[in-house]
Each structure stands twice: as structure tokens, then as C-alpha cells.
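>>> predicted model follows, preceded by the sequence.
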Amino acid sequence: MNKISIEVAQAEFDRFVESMGLLLDVSTMDVEDKTAFEKQKNRILDAMVSGHLVVNDDGEAVYTPFRPTSGHKEPITFHERTGASVLAMDGKKKGHDMAKTYAIMAEMCKVHPSTFSRLAGPDIKTCEAIYALLMD
């Protein structure tokens, strides 16, 4: 059952993009980038329509995991990326790309990196989609 309409979700997505200062002009993207962006955007819109993802008053994405198999159920707030976000991957071993990704995500969200390793299915996919937009 939908919590909000797709039109409201699109307006909230646009507010998130503007608030985070994201440059998402699809007319300048190549086919591969446009396809990846549309996939991420659709995943985010679906989470908004279902009520699992909201944009708070500060324009930040707040995702609440819902999958029964996810080991984290508290809302996760994706704050604006900073230099410290990227520095969070320092010290991770070469080739441990997901550990680096989850370290950055954890710093942005002010949670432990294991938060993301405990998410399942659409929960982790939605968080990774938000992360991808914020890192671009």
C-alpha cells in the first residue's frame, strides 16, 4: 500500500537533490551513467512511495529498514557528505571495496559500519542508492 503518491515522492526527491547540492543533469550523462542514475532514482522513489524513506526538514534522506531479515531496524539518516566521509575509508585494506564503502556510509550516517552489513535485500540496496547519489 502506497503511503504517498509518486508525484509527492518526486517532489521530495527533488528537494533532497537540491538540499544536498547534487548535480544530476541527465542530458549530460552518457547512456551507462543515465541507466545507473535512473535505477538508483527509481529505487529511492519506490522507498519514498512505500513510506520507508523520507526527507527530513534539513533535506536529508532518512531510511527505515523494514525487511524482517535485516538486523537493523532504527532509522538511518544520510547527512551531507564531508571530507571526513571520504577519509573514513583510510586504513581499509586494498581490495576491500565494500568495507571502504560501508565505512564512508557509516561516517555519513553516524552509525557503525556493521549497520549496513546487517541489512538485507531492498534495505541495503536503497541505502547504497542514496550513497551513490551523494558520492557523485
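Cool, got the structure. Numbering: from 1, shown residues only.

>>> helices and strands around the helix ranked longest in the chain, which ones?
Among the segments of the chain that qualify as a helix by DSSP state H, the longest is helix 31-50. Applying 3 or more C-beta pairs under 8 Å, 6 or more residues apart in numbering; DSSP states H and E, we find helix 31-50 packed against helix 6-19, strand 53-55, helix 121-135. In this view, the C-beta of every residue, glycine as well, is placed from N, C-alpha and C.

>>> so what's residue 130 up against?
Applying C-beta atoms under 8 Å, 6 or more residues apart in numbering, we find residue 130 in contact with 44, 53, 61, 63, 78.

>>> still on that earlier bit, for the helices and strands packed on helix 31-50, which one sits closest to residue 31?
helix 121-135 (17.1 Å; C-beta to C-beta).

>>> what about the closest one, average pLDDT?
Average pLDDT, helix 121-135: 96.

>>> do you know which of the helices and strands packed on helix 31-50 lies nearest residue 72?
Comparing the helices and strands packed on helix 31-50 under C-beta to C-beta, the one sitting nearest is helix 121-135, at 8.0 Å.
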